[in-house]
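Undergrad: Sequence first, predicted coordinates after that:
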Amino acid sequence: MKQIVQLFDSIKQINYKTEVLAGLTVALALIPEAIAFAMIAGLSPLTGLYAAFTIGLVTSILGGRPGMISGATGAVAVVIVALAKSHGVEYIFATVVLAGVIQILVGMLKLGKFIRLVPHPVMFGFVNGLAIVIFMSQLDQFKSTDSTGAMHWLSGSSLYLMLGLVFVTMLIIWGLPKLTKAIPASLTAIVVISAITIGLNIDTKTVGDIASIQGGFPPFHIPVIPFTFESLHIIFPYAAIVAGVGLIESLLTLNLIDEITETRGWGNKECVAQGTANVVTGFFSGMGGCAMIGQSLINISSGARTRISGIVASVMLLVFIMFGSSVIEKLPMAALTGVMIMVAIGTFEWASLRTFTRMPKSDILVMVAVTLITVFMHNLALAVLVGVIISALVFAWENAKRIRARKHIDENGVKHYEVFGPLFFGSVTAFNEKFDVLNDPEEVIIDFSESRVTDMSAIEALNKLTERYLKVGKKLHIKHLSSDCRQLLENADSLIDVNIIEDPTYKVLIDKPKKEHK
């Protein structure tokens, strides 16, 4: 019984009313997004709704970040749309299952820790890009479809009505917390606007105008595809991208929620949970998904901090599908649009704009690049990857400039080069320029006590330098190599010829300090 309680009791004091109301708010906000993402992928609306239920439930119970909401997402929809058109929905289900297996392996191999390599400017760009995407996605609600299927901006009274309802929704969400925090502002706004439109019989776009959400319990279904290597060849590239996009978005969202709540989630546990959720949803007619930053922020801003809100959101979503579709389909889209616009405003890191004049130009470049790729390509994985690569190149360039050497000749006529800074592929050229091979004495010693040999480029640089001295009949020795650098050179012993002077035992910083005896 104690273990079951601990599953939900992530904090000492739980406000069950807040958790339930936050979950209900998220459930209502999930509906239009799940439908929209399914339609982007060219699938049935129920495919997105079933994914929102199964993924949300599994990750809420097993995930590494209480309070984070997962479900069908646009990032995954964009990836699978081509496969849905070319091979059909059965291949989508199989792809989602395989993507889940890949994510489970990533979590079990504890590779989730590599999310730490994502620099802060990339996080800023990711969050700002998502905020803009969330806002832009709501603009479709201010358009209408004509008989030919083309979309046009609303005009006249229809536009003013939509703008008015959205503005009132935003006003309630902004103003209510200043008066009371007893109930979530987002849920209150949805209820008030719905009561106004239904009570006054106002003709405005509703959830039912997008698609029907009526359905039953998600049916168990084994994907009907040939179990052959040809099928694997078709689905594996999509599965790998879905797995990568899903984990990147989920782990970045996890980090964001960590910052907001000042607590710490478990990345590897979340990877396993996301994988398990995708395997389950693939067998229960779902389109796949990952963490949803917008819904997670609605949940957290509503006061939720535990797994209960996510479980409530998932269960209530299923209840709406099975029993409450006739009511939910009457909800005005203006209310849900207002909620999502406020989420976009809250998501955007406004503080990042104030730091433009203070941040290094390289960090500004990274942040802007990630934001633009996220906004215009809707490819979160590519945006983050580009940001990390640019940051890594800038880091390598800056460190390459920091290598230097102090020189002196001792009483025996031996010249010493004391090297400072890491020797790696980026600093090899600057390293070689430090040495005056022709004018140096007969014996030269390079002291690496303040430097590190880090890669094959550095090893080859030492080998080439040794050869240059040998050609003019001089000896080159290397001393004070740390144990890991010495191991690198020993592993490459068959490829290089470098003279290493045996030193006394040299301890590097990574060695664990001995425990003090009291």
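TA: Looks like it arrived, so ask away. Residues are numbered from 1 along each chain as shown.
Undergrad: in stretch 386-394, what's buried?
TA: Residues 386-388, 390-391, 394 are the ones in stretch 386-394 that count as buried (16 or more other Cβ atoms under 10 Å). The C-beta positions use only the backbone N, C-alpha and C, and glycine is treated the same way.
Undergrad: Show the secondary-structure elements that the lengthiest helix in the chain is packed against.
TA: Counting residues, the longest helix in the chain under DSSP state H turns out to be helix 229-261. Judged by 3 or more Cβ pairs under 8 Å, 6 or more residues apart in numbering; DSSP states H and E, helix 229-261 is in contact with helix 74-87, helix 89-108, helix 120-138, helix 267-283, strand 290-291, helix 293-301, helix 380-400.
Undergrad: Using CSV, lay out these together with mean pLDDT and distance to Trp350.
TA: Formatted as CSV, the entries for the helices and strands packed on helix 229-261 read as follows, by pLDDT from 0 to 100; distance: least, Cβ to Cβ, whole Å:
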stretch, mean pLDDT, distance to Trp350
helix 74-87, 84, 23
helix 89-108, 95, 33
helix 120-138, 83, 9
helix 267-283, 95, 27
strand 290-291, 92, 23
helix 293-301, 87, 14
helix 380-400, 86, 20
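Undergrad: Could you dump those into CSV with distance to Gly175 added?
TA: As requested, those are exported to CSV (distance: least, Cβ to Cβ, whole Å):
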stretch, distance to Gly175
helix 74-87, 30
helix 89-108, 41
helix 120-138, 20
helix 267-283, 35
strand 290-291, 29
helix 293-301, 14
helix 380-400, 33
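Undergrad: and those, which is most packed in?
TA: Each of the helices and strands packed on helix 229-261 was given a mean neighbour count from mean count of other Cβ atoms under 10 Å, and the largest, a mean of 30, is that of strand 290-291.
Undergrad: Give the other helices and strands that that one contacts.
TA: For strand 290-291, the packing partners by 3+ Cβ pairs under 8 Å, 6+ apart come out as helix 229-261, helix 267-283.
Undergrad: Apply 6 Å and report the result again.
TA: Helices and strands touching strand 290-291, as assessed by 3 or more Cβ pairs under 6 Å, 6 or more residues apart in numbering; DSSP states H and E, comprise helix 229-261.
Undergrad: what separates stretch 222-232 from the chain centre, distance-wise?
TA: Between the centre of stretch 222-232 and the centre of its host chain there is 30 Å, according to Cα atoms, centre = their mean, to the nearest Å.
Undergrad: Tell me the helices and strands packed up against the helix or strand hosting Ser362.
TA: Ser362 is part of helix 361-377 when elements are defined by DSSP states H and E. With contacts defined as 3+ Cβ pairs under 6 Å, 6+ apart, helix 361-377 has these neighbours: helix 120-138, helix 380-400.
Undergrad: Compute the inter-axis angle for the strand or helix carrying Thr337 and helix 120-138.
TA: Assessed by DSSP H and E, Thr337 sits inside helix 333-347. Helix 333-347 and helix 120-138 meet at an angle of 170 degrees, taking axes from the mean of the first three to the mean of the last three Cα atoms, to 10 degrees as the criterion.
Undergrad: Can you name the element that comes right after helix 333-347?
TA: Toward the C-terminus, helix 333-347 is succeeded by helix 351-354 as the next helix or strand (DSSP H and E).
Undergrad: List the buried residues in that following helix.
TA: For helix 351-354, by 16+ other Cβ under 10 Å, it's Ser352.
Undergrad: Likewise for stretch 422-437?
TA: Along stretch 422-437, the positions that meet the burial threshold by neighbour count (16+ other Cβ under 10 Å) are 422-424, 426-428, 430-431, 435.
Undergrad: on that earlier part again, nearest to Thr337, out of the helices and strands packed on helix 229-261?
TA: Evaluated with Cβ to Cβ, those place helix 120-138 nearest to Thr337, the distance being 4.9 Å.
Undergrad: Point out the other helices and strands that that closest one packs with.
TA: Judged by 3+ Cβ pairs under 6 Å, 6+ apart, helix 120-138 is in contact with helix 333-347, helix 361-377, helix 380-400.
Undergrad: Only the C-alpha atoms, please, for the longest one, written as CSV.
TA: Coordinates of each C-alpha in helix 380-400 appear next as CSV, following Å, rounded to 0.1, in the frame of the first residue of the first chain:
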residue,chain,number,x,y,z
LEU,A,380,12.2,20.5,-33.5
ALA,A,381,14.9,17.8,-33.7
LEU,A,382,16.6,19.5,-36.6
ALA,A,383,16.4,22.9,-34.8
VAL,A,384,18.0,21.5,-31.6
LEU,A,385,20.6,19.6,-33.6
VAL,A,386,21.7,22.7,-35.5
GLY,A,387,21.8,24.7,-32.3
VAL,A,388,24.0,22.1,-30.6
ILE,A,389,26.3,21.8,-33.6
ILE,A,390,26.8,25.6,-33.9
SER,A,391,27.4,25.8,-30.1
ALA,A,392,29.9,23.0,-30.3
LEU,A,393,31.8,24.6,-33.2
VAL,A,394,31.9,27.9,-31.4
PHE,A,395,33.2,26.2,-28.3
ALA,A,396,35.9,24.3,-30.3
TRP,A,397,37.0,27.6,-32.0
GLU,A,398,37.2,29.5,-28.7
ASN,A,399,39.2,26.7,-27.0
ALA,A,400,41.5,26.4,-30.1
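Undergrad: how big is the angle separating it from helix 361-377?
TA: 170 degrees.
Undergrad: Identify all contacting residues around helix 380-400.
TA: Residues lying outside helix 380-400 but in contact with it, judged by Cβ atoms under 6 Å, 6 or more residues apart in numbering, are 75, 119, 122, 125, 244-245, 248-249, 362, 366, 369-370, 373-374, 422, 426-427.
Undergrad: Repeat that for the shortest one.
TA: Contacts of helix 333-347 with the rest of the structure, by Cβ under 6 Å, 6+ apart, involve 29, 32, 131, 134-135, 138, 141, 162, 165-166, 169-170, 173, 186, 190, 193, 204-205, 294, 297-298.
Undergrad: now Ile183, what's its secondary structure?
TA: Here Ile183 takes the coil state, with states given by DSSP: H, G, I helix; E, B strand; the rest coil.
Undergrad: What strands flank the top strand by length along the chain, and is each parallel or antiparallel?
TA: As far as residue count goes, and with DSSP state E defining each element, the longest strand of the chain is strand 443-450. Within its sheet, and counting by DSSP bridges, strand 443-450 is paired with strand 415-420 (parallel), strand 475-479 (parallel).
Undergrad: Which SSE is immediately downstream of the lowest-mean-pLDDT helix or strand in the chain?
TA: Counting by mean pLDDT, DSSP states H and E, the chain has its least confident helix or strand at helix 2-8, which shows a mean of 46. Of the helices and strands lying after helix 2-8 in sequence (DSSP H and E), the nearest is helix 16-40.
Undergrad: that older thread, I'd like to know which of the helices and strands packed on helix 120-138 is closest to Ala313.
TA: helix 333-347 (13.8 Å).
Undergrad: Direction-wise, compare the closest one with helix 293-301 and give the angle.
TA: In this structure, helix 333-347 runs at an angle of 80 degrees to helix 293-301, with the same axes, to 10 degrees as the basis.
Undergrad: and the angle from helix 333-347 to helix 16-40?
TA: Here helix 333-347 runs at an angle of 100 degrees relative to helix 16-40 (the same axes, to 10 degrees).
Undergrad: rewinding a little: switch the buried residues of stretch 422-437 over to CSV; also include secondary structure and pLDDT.
TA: Formatted as CSV, the entries for these read as follows, by DSSP: H, G, I helix; E, B strand; the rest coil; pLDDT from 0 to 100:
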residue, secondary structure, pLDDT
Pro422, coil, 90
Leu423, strand, 90
Phe424, coil, 90
Gly426, coil, 90
Ser427, coil, 91
Val428, helix, 91
Ala430, helix, 91
Phe431, helix, 92
Phe435, coil, 92
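Undergrad: So which of these is the closest to Ala150?
TA: Ala150 lies nearest to Gly426 out of the buried residues of stretch 422-437, by Cβ to Cβ, at 53.1 Å.
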